[in-house]
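Participant: show me the folded form of this:
(2 chains)
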Amino acid sequence: MSATAVSNSRRPRGPVPNALTSGQLPRLVELYTLIGSLAVSAAVLAMTGFSVVGWLVLAAVVYLVGIGILSTVVENRRKATDRVVRGLVTIAFLLALVPLISTLITVVMGGAPSLTWDFITKTGGSVFDPKTLKVTVVQGAWQAIVGTLIITGIASLISIPIGIMAAIYLVEYAQPKQWMARTVTFLVDVMTGIPSIVAGLFAFSLFTLLVGPKAFSGISAAIALSVLMIPIVIRSTEEMLKLVSDDLREASYALGVTKFATIVRIVLPTAIAGIITGVMLAISRVIGETAPIFIAASFTDNFNANPFNGPMQTLPVMAYSGYKFPSQDIASSYQSAWGAALLLVLLVVILNLIARVVAKVFAPRGLR
Amino acid sequence: MDVPADRADSGSADPGSPRRRTAAKVRARPADRIFRFLSTGSAGLIMVILAGVALFLIIKAAPAIAANWSTNPDLAGGTTHGFTSFWSYVGPLIWGTLWSSLIALVLGAPVAIGIALFISHYAPRRLAGALGYLVDLLAAVPSVVFGLWGIFVIRPFIIPFQDWLNQYLGWIPLFSGPVSRTGSTILAGAIVLAVMILPIITSISREIFLQTPRLHEEAALALGSTKWEMVRLAVFPYARSGIVSATLLGLGRALGETMAIALIISPSLIFSVHLITDTKNSQTIAANAALNFPESNPLQRDALIATGLALFIISFGVNFIARWVVARTGSSGRRKEKVVRSLPPSDPTAPAADAADGPVLARRGREQAAEEAEG
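Facilitator: Here you go, the predicted model:
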């Protein structure tokens, strides 16, 4: 552009250095530097001993130093800083993917061998053979699956109505400056921060005071999970209800519809997709909680489907106790711990997928 | 349910009849009242539950705090062996809880903020949502799975790294030996904790970064600043309080994490800053309770519940400070806006309203843009 502005007589021949683009590195320089640093560090490591982790770490360092020097020389220090920071935040993001991928791979690799039909449908545990005096471990997670479903189910039955109703109170009924609304909002914040093990200790305290020393039971664990789940449900439902436009409410009131009918017929259907998504995510959050269930429901190898009587086994606790309190056959205990962990991850993934599908299917027409 | 009744009432036959109208109203009222009662009651229940949590913990904890620890036979063995009072028992645990969370925070928070910055300002727009979802997936992984992952992946992974630290930085007490050969160190636990607090810090800071006023960013860019300078000039000052509170909320999460520590660390109840030894790892409250709960007698369980009460108070404090930071800067931000509005316009001939219109118009413009994006 600047070249064309020069008058004809002084127009130079041949390519002209462009004032806007000179002193800049080519567009794909970051890609070239990356490839270069990968190659250089591979070459360096080939001499000392190759490992994938070392290679990537070294390549990252070489890349940052390389792009910094290159940019300082060709461009200027400010641009060099900019490029180095861009590299740093990208590396930070990639760094977060490492544990995610590594965890998933480890769980799948560890759990896949034990994940058979028998493992899912049989009650596992150690079996003592009086003739040979040997303890053998039967692989099975049925008791833990049933326990997880019962405990999470009861916790959901308690938390979802309370959570949704409290959120409706906060959004629809409460005046913003009212003491109760402010207190409840504050307390929900406090509840969100309750450490999960404290919830377990609370449920244990409650039940020892109510029913005496043999307090381990499924219902107790469900109470503990409810304490953790209610604030999550309230927060997500509150957000969703706030998104419902006031025009809809006012239109409904203008037609003479009562407040109850407005909430049930207008507000909730509009927000239902978001609410269900939030509930699903809340369930998937508490289904993996180990500490509270471990404290409140303890662990057992026996099949127990009665939440009011005695310890109950659950998947997360099975993964924990299988590793921390193994039976005599240690390898087999670890095996079932991995199996339980994989089952748990599958459950969480399924719940998350359902949440996403529900968000799409139930979204009201014309919105989203 | 009530809508057809109301419609029938107002539309058909005799709209003026006072009796029919009252009848409809009376019919509509019970549901209304019950519903109002239920939702208010649920909100009230929140207060009851939280009061209950505090109350029952205190009731159960009181005997253990009041007991004479040096003479009581119930406290002579097991986890409470050798402590003269509850305070000497809980002291090292509180230290361990704070220490491990602090290391996790030092390791995790900068990475988390970097990720948030990447997703909000550096990643390609189209991918940003999906990338954010990937990081959120980390929050969905159950903590026990992270614990197992820490045992089988992180522990062996950091052994050579620990050797290296000890060899070159061993003169710092943090990295002094004897170096662990199993990897069951507080460093390994803190690395796993750091991974677990990444998603919470990232998601909160990301939201705040995205709320930076567009005009501030564009003004910085228009002055010729590079992207990083724009972030430093416009995004960070705006998001500072948000970053602080996100970090504190992450700290709150780390304080209460049980399984990662319980599974990975080989603990002892001491005040220690050593990061890479087998025998000098400070234990945390949560992990201590989880490990010792099954084998304890009732009074020892009360003691563990009392430590849980201490944890409850600590995490309450941290969360409270986090919310307070947000609330305080929120109001001071508003105050700043007021100051701007009351300042005289730089050009004395210009109408004073223009200065006040600036931010308002900008906000309106942003809302319109958001609506268009949604539509």
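Participant: drop to CA atoms for contacts and neighbour counts, all remaining ones
Facilitator: Will do.
Participant: how much space between A:Val184 and B:Ile154?
Facilitator: 41 Å (C-alpha to C-alpha, to the nearest Å).
Participant: actually, A:Arg27.
Facilitator: 38 Å.
Participant: next one: A:Gly124 from A:Ala297, what distance?
Facilitator: 18 Å.
Participant: repeat for B:Gly147
Facilitator: In terms of C-alpha to C-alpha, B:Gly147 sits 20 Å off from A:Ala297.
Participant: was I right about B:Ala220 contacting B:Leu233?
Facilitator: Yes: contact criterion C-alpha atoms under 8 Å: B:Ala220 and B:Leu233 qualify, at 7.0 Å.
Participant: so between A:Gly124 and A:Ala297, which is more surrounded?
Facilitator: Shown here are A:Gly124 and A:Ala297; by other C-alpha atoms under 10 Å in any protein chain shown, A:Ala297 has more neighbours (31 against 21).
Participant: what sits against the more buried one?
Facilitator: By C-alpha atoms under 8 Å, 6 or more residues apart in numbering or on different chains, the contact list for A:Ala297 reads A:Phe216, A:Ser217, A:Gly218, A:Ser220, A:Ala221, A:Gly310, A:Pro311, A:Met312, A:Gln313.
Participant: lowest-confidence one in those?
Facilitator: Lowest pLDDT of the contacts of A:Ala297: A:Gly310, 79.
Participant: low pLDDT regions in the stretch 201-350 of chain B?
Facilitator: In the predicted model, the stretch 201-350 of chain B carries pLDDT under 70 at residues B:329-350.
Participant: make it 50
Facilitator: When residues are selected by pLDDT under 50, those of the stretch 201-350 of chain B lie in B:331-350.
Participant: how about the residues of it by chain A?
Facilitator: B:226-229, B:252-253, B:255-259, B:263, B:286, B:290, B:293-294, B:298, B:305, B:308-309, B:311-312, B:315-316, B:319-320 (C-alpha under 8 Å from any C-alpha of the partner chain).
Participant: which of those residues count as buried?
Facilitator: For these, a burial check counting by 16 or more other C-alpha atoms under 10 Å in any protein chain shown picks out B:226-229, B:252-253, B:255-259, B:263, B:286, B:290, B:293, B:298, B:305, B:308-309, B:311-312, B:315-316, B:319-320.
Participant: not counting its neighbours along the chain, what's nearest the residue in the stretch 201-350 of chain B positioned nearest to chain A?
Facilitator: Chain A sits closest to B:Gly256 of the stretch 201-350 of chain B, with a gap of 4.3 Å, by C-alpha to the nearest C-alpha. Closest residue to B:Gly256 apart from its sequence neighbours, by C-alpha to C-alpha, 6 or more residues apart in numbering or on different chains: A:Pro195 at 4.3 Å.
Participant: got a list of what the one you found touches?
Facilitator: By C-alpha under 8 Å, 6+ apart, the contact list for A:Pro195 reads B:Arg253, B:Leu255, B:Gly256, B:Glu257, B:Leu311, B:Phe312, B:Ser315.
Participant: and the fifth one, what element?
Facilitator: For B:Leu311, the element it lies in under DSSP states H and E is helix B:298-342.
Participant: what distance do you get for the residue sitting nearest the centre point of chain A to B:Ser143?
Facilitator: In chain A, the centroid-proximal residue (C-alpha atoms, centre = their mean) is A:Arg285; its distance is 7.0 Å. In this view, A:Arg285 and B:Ser143 are 10 Å apart by C-alpha to C-alpha.
Participant: buried residues in the helix ranked longest in chain A, which are they?
Facilitator: Scanning chain A for the longest helix, with DSSP state H as the assignment, gives helix A:77-111. For helix A:77-111, the neighbour count (16+ other C-alpha under 10 Å) marks A:79-93, A:96-97, A:99-100, A:103-104, A:106-108, A:110-111 as buried.
Participant: I'd say A:Ala296 and A:Ser220 touch.
Facilitator: Yes: between A:Ala296 and A:Ser220 a contact is recorded at 5.7 Å, counting by C-alpha under 8 Å.
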